[in-house]
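Colleague: Have a look; sequence and predicted model below, questions after that.
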Amino acid sequence: MSNISRDEVAHLARLARLAVTDEELDVFAGQLDQILDSVAKVGEVATDDIPPTSHAVPLTNTFRPDVVRPGLSQEEALAGAPAAEEGRFRVPRILGEEQ
């Protein structure tokens, strides 16, 4: 017995703006039935004695703690720049050149 009809497949195809042929409607109906059956089997798994988890294995935070450290001064940051002007990086102009 089919869980999903050709009309339902056609409706889904219209919603997704897909053009499907009559032959494809039959194929897709069968494929969607298999998908729905597989999802139903997953739902039948006895999970009453299994606690919910977010990961299959326990995880430990591997990030280092945040430590405030001194940063570069303006002069140190600009020391390696190919060009600087008025205390800022100088870059080629990219706006307003198309005319």
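Modeller: That came through fine.

Colleague: What distance do you get for the most far-flung residue of the chain relative to its centre to L72?
Modeller: Of all residues in the chain, E86 has its C-alpha farthest from the mean position, at 42.2 Å, by CA atoms, centre = their mean. In this structure, E86 lies at 18 Å from L72, with CB to CB, to the nearest Å as the measure. For glycine as for every other residue, the C-beta is placed from the backbone atoms N, C-alpha and C.

Colleague: same deal with L78?
Modeller: L78 is 9 Å from L72, where distance means CB to CB.

Colleague: Between those two, point out the one with more neighbours.
Modeller: Under the neighbour definition other CB atoms under 10 Å, L78 and L72 were set side by side, and L78 has more, 16 against 10.

Colleague: which strands and helices sit next to the helix or strand containing that one?
Modeller: In the assignment (DSSP states H and E), L78 maps to helix 74-79. Where contact means 3 or more CB pairs under 8 Å, 6 or more residues apart in numbering; DSSP states H and E, helix 74-79 is not packed against any helix or strand.
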